[in-house]
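Peer 1: Sequence and predicted structure below; questions after.
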Amino acid sequence: MTRDVGFLVYPGFVLLDLSGPLEAFTHASSMSRPAYRLTVASLEGGMVPSASKLEVATVPLQSLTLDTFIIVGSPEPPRGEWVAPLTVAIREMAARSRRTACVCTGAFLLAASGLLDGRAATTHWSFAPQLQERYPALRVDGDRMWTEQDGIWTSAGMSAGIDMSLAMIERDLGKEAALEVARMLVVYYRRSGGQYQFSSLLDLDPGSDRIRRALHFAREHMHEDLCVERLAEVANLSVRQFGRVFASATGMTPARAVDRLRVEVARPLVEDGRQTFDRIARLTGLGDADHMCQSFLRIVGRTPQELRRSARLDRPSRQML
């Protein structure tokens, strides 16, 4: 069975958002049989310039019949007089396709079409707040690599489009096929949809060796009491001095930072689904399930129960493998 995969581009698109997923599907087809037939499309067809000024040849979108429809991203949320007719075309093509997806800021086009209303979605973390503000009918999770719900897929930027494509290939052709594609592309097989786009430790990189040492200590001792007095001792500072230096270096209090780190450690355990919420809370120092729920709502914007349900949808059923 050959599946038609179409990539939608428009002026100023990001080449990697196109080439990464396209190469993944190309390698999947080359391994044993032509599993996918690939086409690059635009609203009207012809040569379309990317953000780097390189042009790609495209066919008119409406001339295609697709199994999988993927909208690529751009360096900024798409804007221009061509956006409105493009969202109409997206809505029409999605209605005729088995699954519809987007990479990075392509989520803004998918959201404008109304296809993300009521669904969880992701995009590049730096654009997540803007996407949520502009389209309040969807639930934006800017931490995730990719999401899938009812045949609608979204992914973060750049290499996350490859992760999403590997997940699609796994569902179509099985785990071994997707693993072989990952080997060919020399990428991890595969970062799960729920994996963080970046670590809180990176986000909190303080530029101070003492504060960095305290953060790493906290990360390695999640299940223990991490009061400010203990962290100040690790940093070899007085409590008052530590609190002042920490806030100046990271923009938040030590308690807030520790809570973020604990949620980051707890989230993959929550989504894995093999341990109770109370046990995860104890292992990560979040106390009990109720306190963990409050921390997740405050930091992630979703409850552990919601994240676990979403993770189940991300995992392909045994029948699909």
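Peer 2: Nice, I can see it.
Peer 1: give me the low-pLDDT residue ranges for this protein?
Peer 2: Along the chain, the parts satisfying pLDDT under 70 run over 32, 143, 188-207, 314-321.
Peer 1: domain assignment for it?
Peer 2: Structural domains assigned to the chain are 3-196, 200-313, following automatic domain parsing.
Peer 1: Tabulate those in CSV, adding columns for mean neighbour count.
Peer 2: C-betas here are computed from N, CA, C, even on glycine. Written out in CSV, the entries for the domains of the chain read as follows (neighbours: other Cβ atoms under 10 Å):
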stretch, mean neighbour count
domain 3-196, 20
domain 200-313, 17
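Peer 1: Output the biggest helix by length in the chain in PDB, but only the C-alpha positions, please.
Peer 2: Longest helix in the chain by number of residues (criterion: DSSP state H): helix 254-272. C-alpha atoms of helix 254-272 as PDB (Å, rounded to 0.1, in the frame of the first residue of the first chain):
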ATOM      1  CA  PRO A 254      14.500  28.800  45.100                       C
ATOM      2  CA  ALA A 255      11.200  27.200  46.000                       C
ATOM      3  CA  ARG A 256       9.700  28.000  42.600                       C
ATOM      4  CA  ALA A 257      12.700  26.600  40.800                       C
ATOM      5  CA  VAL A 258      12.700  23.400  42.800                       C
ATOM      6  CA  ASP A 259       9.000  23.000  42.100                       C
ATOM      7  CA  ARG A 260       9.700  23.300  38.400                       C
ATOM      8  CA  LEU A 261      12.500  20.800  38.500                       C
ATOM      9  CA  ARG A 262      10.300  18.300  40.400                       C
ATOM     10  CA  VAL A 263       7.600  18.600  37.900                       C
ATOM     11  CA  GLU A 264      10.100  18.100  35.100                       C
ATOM     12  CA  VAL A 265      11.300  14.800  36.700                       C
ATOM     13  CA  ALA A 266       7.800  13.700  37.500                       C
ATOM     14  CA  ARG A 267       6.200  14.300  34.100                       C
ATOM     15  CA  PRO A 268       7.700  11.300  32.200                       C
ATOM     16  CA  LEU A 269       6.800   9.100  35.200                       C
ATOM     17  CA  VAL A 270       3.200  10.400  35.000                       C
ATOM     18  CA  GLU A 271       3.000   9.800  31.300                       C
ATOM     19  CA  ASP A 272       4.600   6.400  31.500                       C
END
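Peer 1: Now W153: closest residue in space, sequence neighbours ignored.
Peer 2: Distance criterion Cβ to Cβ, 6 or more residues apart in numbering; nearest residue to W153, sequence neighbours excluded, is A101 at 3.7 Å.
Peer 1: L18 versus the spatially closest residue to C104 that is not a sequence neighbour, what's the distance?
Peer 2: Nearest residue to C104, sequence neighbours excluded (Cβ to Cβ, 6+ apart): G73, at 2.9 Å. According to Cβ to Cβ, to the nearest Å, G73 stands 9 Å off from L18.
Peer 1: K53 too?
Peer 2: From K53 over to L18 the distance is 14 Å, taken as Cβ to Cβ.
Peer 1: Equivalent analysis for A95, please.
Peer 2: A95 sits 23 Å away from L18 when distances are taken as Cβ to Cβ.
Peer 1: now swap in Q149 and tell me
Peer 2: Here the distance between Q149 and L18 works out to 24 Å (Cβ to Cβ).
Peer 1: just H291 next, same as before
Peer 2: Using Cβ to Cβ, one gets 44 Å for the distance from H291 to L18.
Peer 1: cool, and E81?
Peer 2: 23 Å.
Peer 1: Over to Q130?
Peer 2: 22 Å.
Peer 1: for the spatially most distant residue from the centre of the chain, phi and psi?
Peer 2: Largest separation from the mean C-alpha position in the chain: S238, at 39.6 Å (Cα atoms, centre = their mean). The phi and psi torsions at S238 (degrees, to the nearest 10) take the values phi -70, psi 160.
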